[in-house]
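**Q** kindly generate the corresponding structure for this input.
(one chain, ligands or ions: 1)
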Amino acid sequence: MTTIGQPRLTHLEHADRYGYYVQRGLISAEHLARIREAFARLQRDVKPEWDKPFQTYYPNVIEFDDAFADLIDHPGILEGVFQVVGQEAQIYSNEILVSKPNQGTMAWHRDKMSIGRHCPNQFLKLAIFLDHVAVDGGPTGVIPESHLDIYKGEEFYHHKIDFTAGPGDVLAFGAATLHRAGFHSPNRPNRPVIFLTYVPWWMKQPDYYTGRTCEKLLKSASPLRRQLLGVQLRPGVSLDLHTA
Ligand SMILES: O=C(O)CCC(=O)C(=O)O
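**A** This is a model prediction of the structure:
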């Protein structure tokens, strides 16, 4: 967004107004190199939960390698998450979705409408990009302002943004924001994206999320990380008293 003298919107203001926000180049080159190495190993050593012609899905990746786990409490990521979700944020899910060349697009959809209907941005999904994603390379798309009327769908489609990402970019959007993976041309490579979803402490984590009981993660976890994993709120954060 261009600034012409006035302050930029905060992540919270951008999410409230448009249903998403963007952080360009947030993840350092050094961290991205670790992530790429871990992702190559993941593909070699782990059977995906599903492998469809258009998409491959690896859940719970933070348990596989610290390169992924170190994203959950990355200060830049938490800056936006704490603004939007609150200081009592915890992880809801964490996965890698690999879009594959398929000559089509995913359908526009909203995630978890039972949450999105009431508190759209309290279910905040972050797409973290490893590589450049071209407009025909399976870009994640969002529709600005589609979170403002959950009873409308198609009416919004022509306002779409196909997010052409750079390495280390983050695109965050709420449960009621229409989104999809866009056109993925046969000439483009597979497109991995790490998705981290954060919710407030009082929201239930799903059964398929297993990080809360992962010994490997818990043994070295800081109080902040224990909170994010869903174990215990960190000292100074209370549901009855928070200042963010
Ligand atoms: O892979 C993408 O870019 C979109 C993924 C998506 O629609 C979802 O996670 O619900």
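**Q** and the residue most central in space within the chain, backbone torsions?
**A** Centroid-nearest residue in the chain: residue 126, 1.8 Å away (criterion: C-alpha atoms, centre = their mean). The phi/psi pair for residue 126 (degrees, to the nearest 10) reads phi -110, psi 120.
**Q** quick one: it from the ligand, how far?
**A** When C-beta to the nearest ligand atom, to the nearest Å is applied, the distance between residue 126 and the ligand equals 11 Å. Every residue, glycine included, has its C-beta placed from N, CA and C.
**Q** that residue and residue 174 touch, don't they?
**A** No: applying C-beta atoms under 8 Å as the test, residue 126 and residue 174 come out as separate, 10.8 Å apart.
**Q** report pLDDT for the residue of the chain positioned farthest from its centre.
**A** The outermost residue of the chain relative to its centre, with distances by C-alpha atoms, centre = their mean, is residue 5 at 30.5 Å. In this prediction, residue 5 carries a pLDDT score of 78.
**Q** that one: what secondary structure?
**A** Under DSSP: H, G, I helix; E, B strand; the rest coil, residue 5 falls in the coil class.
**Q** do the same with residue 91
**A** Assigned by three-state DSSP, the conformation of residue 91 is strand.
**Q** can you give me the neighbour number for the spatially closest residue to it that is not a sequence neighbour?
**A** Closest residue in space to residue 91, ignoring its immediate chain neighbours: residue 228 at 5.4 Å, by C-beta to C-beta, 6 or more residues apart in numbering. The tally of other residues near residue 228 (other C-beta atoms under 10 Å) stands at 24.
**Q** same question, the one 4 residues further on
**A** Using other C-beta under 10 Å, the number of residues around residue 232 comes to 12.
**Q** phi, psi of residue 162?
**A** Dihedral angles of residue 162 (phi, psi; degrees, to the nearest 10) stand at phi -90, psi 110.
**Q** please tell me how far it sits from residue 183.
**A** Here the criterion is C-beta to C-beta, to the nearest Å. By it, residue 162 lies 8 Å from residue 183.
**Q** now list whatever residues contact both of these two.
**A** Shared contacts of residue 162 and residue 183, defined by C-beta atoms under 8 Å, 6 or more residues apart in numbering, comprise 135, 139.
**Q** what residues of stretch 216-230 count as buried?
**A** Neighbour-count burial for stretch 216-230 flags 217, 221, 225, 226, 227, 228, 229, 230 (criterion: 16 or more other C-beta atoms under 10 Å).
**Q** correct me if wrong: the last one contacts residue 89.
**A** Okay, so that is residue 230. No: using C-beta under 8 Å, residue 230 is not in contact with residue 89, being 10.2 Å away.
**Q** residues from the chain in reach of the ligand?
**A** 97, 99, 106, 111, 140, 179, 180, 181, 193, 195 (C-beta under 6 Å from any ligand atom).
**Q** quick check: closest non-adjacent residue to residue 212.
**A** residue 230 (4.2 Å).
**Q** list the contacts for the one you found?
**A** Residue 230 is in contact with 90, 91, 205, 209, 211, 212, counting by C-beta under 8 Å, 6+ apart.
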